[in-house]
Every structure is written in structure tokens, then in C-alpha cells.
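1. Sequence and predicted model, in that order:
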Amino acid sequence: MARRGRLRLAAGVLVFAVLVALCVVFAPAWLVGATPGLSTAERLKAVNDVRATLLQAFGGLLALGGVALGAYLTSRQLVLNREGRSIDMFTNAIELLAGENEATRQGAVYALEWLAELDPRYNGHVHALLTSFVGLRAPWKPDTPPRDGGGIANDVAAALSVLNRGTVIGPGAASELERVDLRGADLNGLAIPRVCFAGANLENAKLRDAKLTGATLTDVILRNADLRGADLRGADLTGAVLTGAVLDGVESDGATRWPAGSGPPG
């Protein structure tokens, strides 16, 4: 690409030089033409005057070209600087996301959200990072004891909040949160589009008025979960454990797939 740019620049300079030569050498005499009544000295003076005018015009064009080139290079440098800052911010946030301190990881989550707002090209990367982060920080394993004090860690909650706001999720993108441990989590009003909680543990989770349209909830543990007013239209709950779950006011339709032996309340 750099070689191609240099060739284009050289070709442009050559064309401009040829045009200048033609205008300076041939154009003055052609413009003066065979004007009657001019002596040889007067004709030469007229040709030189035209040549001087053309040279001044070309000088002005060169000056304008220099200004335009300078403006282009400046704007290009600003773009490169901004991209460099975005890359640095993204790299630093990834490093902090893997840190040992919970508050630092929480700050990294919000830094990634901010970066996605500044540069939407990072939306997909941030979305993938945060879903992976939740899976790594809160994996569900049958022998995992409940978290002290219940609920979920602050950094995991921050990542879920960012995903729930949806600003980092592109149109049609799914959020893969399979086999995560969200026991006791406060997920009231959850509205992550096309979320997949397959094999996850949401025991005792608060999911009131959650927007789970088309969600994948296969084999999910929803024991004693509060699902009042949740939208389960088109959701797949095949194999889900709903023992003790509160399902008052849930919305479902013909596309909702319930566990064997279960169905919509009422």
C-alpha cells in the first residue's frame, strides 16, 4: 500500500510538472496569438507578461495545495492519535480485567463500556469480552459453595449491567452466558437480547419483569427464582428446574418450550 501511494504521488508530481512546462513554454505565445499591430519587442513583452501571470497563478495553486495537504496530514494524524489512544485503552482494560483486585476489574468493565461509546467499532469486542468475563469469574460447578453473603461479585454484576444496557451489543448478536453461577443475583428487569443461560444456575435469582423473549434457558436451574411478570415468549426452558419458582404473571406463547411435565401457570 505504501509503495502504491508513492507511485501515485510521483505520477501526480510528474503530471503537474508537464502541465506547468506546457503552460509556461507554449501557452503564453498561444494566448498572445497573432495580435496585429505589435512589434517584435511588444510581442515578446506581452508573452513575458502572460508567462509571469501564469507563473503567479501556479504559485497560488501550489500554496493552496500545500495548505490542503497540511490540513489532510493534520487530520490524518489526529485520526491516528485517536486510534492509538483507543488501542491503548482497550489493551489496558484487558490487563485490568484480569487483575486480582475486584474493584480494579469492576473499573475495567466500565472503562470498556466507555471505550465502546467513544469508538463503536469496539462494540463487538467489548460484548465478547464481557460475556467471557462473566463465564470465567462466575462459572457454575455443582461443588461450588454459595458466595458469602449471597448474590454475585461486584465485577460480575457490573459486566451484567453493561450487557443489560445493550449499548455494546450489535443488532442480532447473542449473549452466550452458558453454565454461569448467578445464584441469588438481582436480575430484575433483565433485558439482554438473545441471551443464552443454558446449563446455568439461577437459583433464588430475582428475575421480576425480565425480558427473556426467545431466551435459551435449557437445563437452567431456576429453583425458587422470582420470575413474576417475566416475558418468556419464545423462550426454550427444556430441562429447566422450576421447583419453587414464582411464575405469577409470566407471559408465554405457543413458541415457549416448557420442561417436561410443566406448563404455563394457570
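-> Perfect, thanks for sending it.
2. what about the helices in the stretch 1-150 of the chain?
-> Assigned helices in the stretch 1-150 of the chain, in chain order: 2-25, 27-32, 40-97, 102-118, 123-137 (criterion: DSSP state H, counting those that start in this stretch).
3. Just list what the fourth one packs against, helices and strands only.
-> Judged by 3 or more CB pairs under 8 Å, 6 or more residues apart in numbering; DSSP states H and E, helix 102-118 is in contact with helix 40-97, helix 123-137, helix 154-165. (Each C-beta comes from the backbone N, C-alpha and C, glycine too.)
4. Name the residues of the last one that are buried.
-> In other words, helix 154-165. Burial within helix 154-165, assessed by neighbour count using 16 or more other CB atoms under 10 Å, is assigned to D155, V156, A157, A158, A159, L160, V162, L163, N164.
5. which residues touch the third one?
-> Pointing back at A157 there. By CB atoms under 8 Å, 6 or more residues apart in numbering, the contact set of A157 is G151, A185, D186.
6. now swap in the first one and tell me
-> Shown here is D155, whose contacts under the criterion CB under 8 Å, 6+ apart are E102, A103, R105, Q106, V109, F133, R137.
7. low pLDDT regions in the stretch 151-266 of the chain?
-> 266 (pLDDT under 70).
8. circling back to that earlier point, CSV please, covering the contacts of D155 and showing pLDDT.
-> Below are the contacts of D155 laid out as CSV (pLDDT from 0 to 100):
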residue, pLDDT
E102, 93
A103, 93
R105, 94
Q106, 94
V109, 94
F133, 95
R137, 94
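9. Let me have these in a markdown table, adding neighbour count and distance to C196 as columns.
-> Below are the contacts of D155 laid out as a markdown table (neighbours: other CB atoms under 10 Å; distance: CB to CB, whole Å):
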| residue | neighbour count | distance to C196 |
| --- | --- | --- |
| E102 | 14 | 26 |
| A103 | 10 | 29 |
| R105 | 22 | 23 |
| Q106 | 19 | 24 |
| V109 | 27 | 20 |
| F133 | 24 | 16 |
| R137 | 17 | 17 |
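10. what's the pLDDT at the residue most central in space within the chain?
-> The residue lying closest to the centre of the chain (CA atoms, centre = their mean) is N123, at 2.6 Å. N123 is assigned a pLDDT of 91 by the prediction.
11. just A10 next, same as before
-> pLDDT recorded at A10 is 68.
12. show me where the stretch 151-266 of the chain has strands.
-> Using DSSP state E, counting those that start in this stretch, the strands of the stretch 151-266 of the chain run over 175-176, 195-196.
13. How about residues contacting the last one?
-> Outside of strand 195-196, the residues that reach it under the criterion CB under 8 Å, 6+ apart are A174, S175, E176, L177, E178, L212, A215, T216.
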